[in-house]
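Q: Sequence and predicted model, in that order:
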Amino acid sequence: MNSKDILTQDEIDALLRPVKSNNFSVKENKKPEKYRNSFQKKISGKDVKKQEWLSKSSVPITIKAAGTEMRMQDILQLDQGDVVKLDELFNKPVHVLVNGVLFAYGELLLTDGTPSVLLKYIRQKAEQIKD
């Protein structure tokens, strides 16, 4: 594991700062347009056609808030209404997966009453390729 893959304590504290301890909470995001187009980069003429093609493509994005592992025997015995305990606290930063690959870490928000994620840390290309 590369040291770039590990968040420092300061980075972890910064990600957790807006979350209320021991309670799951979301913040109302009043100005989502502030973050729009912040990730666009200028490209050369050769790459314009590639970008146009890619910009029209769709890939699945998954937000993972928490998880757990269970034995198959226990999974097969689950019924509607059963409760599955999670290994992680729900107030930790969420993982943003693009096409199944960890792309970023974020914070859950409500934007105009719709659940959304504020991207707090986008992994570098080299980190994403390793996965």
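A: Noted; the coordinates are in hand.
Q: which residue ranges form the strands in the protein?
A: For the chain, the strands defined by DSSP state E occupy 27-28, 61-64, 94-98, 101-111, 114-122.
Q: With distance to K85, mean pLDDT and mean neighbour count as added columns, please give the ones you listed in TSV.
A: Every C-beta, even on glycine, is put in place using the N, C-alpha and C of the backbone. Formatted as TSV, the strands of the chain follow (distance: least, Cβ to Cβ, whole Å; pLDDT from 0 to 100; neighbours: other Cβ atoms under 10 Å):
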stretch	distance to K85	mean pLDDT	mean neighbour count
strand 27-28	26	56	12
strand 61-64	16	84	12
strand 94-98	18	88	18
strand 101-111	20	87	18
strand 114-122	23	88	15
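Q: so which of those strands gets nearest V83?
A: strand 61-64 (19.0 Å; Cβ to Cβ).
Q: Give the bridge partners for A104, please.
A: For A104, the beta-bridge partners are V96, I122 (DSSP bridges).
Q: Which of the strands of the chain sits closest to Q77?
A: Of all the strands of the chain, strand 61-64 comes closest under Cβ to Cβ, at 24.3 Å.
Q: Check which helices and strands that closest one sits against.
A: strand 94-98 (3 or more Cβ pairs under 8 Å, 6 or more residues apart in numbering; DSSP states H and E).
Q: one step back: distance to D10 added to the strands of the chain, as TSV?
A: Converted to TSV, those look like this (distance: least, Cβ to Cβ, whole Å):
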stretch	distance to D10
strand 27-28	21
strand 61-64	23
strand 94-98	19
strand 101-111	14
strand 114-122	12
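Q: distance of the closest residue to L86 other than its chain neighbours from L54?
A: Leaving aside its chain neighbours, L86 sits nearest to A66 (4.2 Å; criterion: Cβ to Cβ, 6 or more residues apart in numbering). For A66, the distance to L54 (Cβ to Cβ, to the nearest Å) stands at 31 Å.
Q: higher neighbour count, these two?
A: Applying other Cβ atoms under 10 Å to A66 and L54 shows that A66 carries more neighbours, namely 14 against 10.
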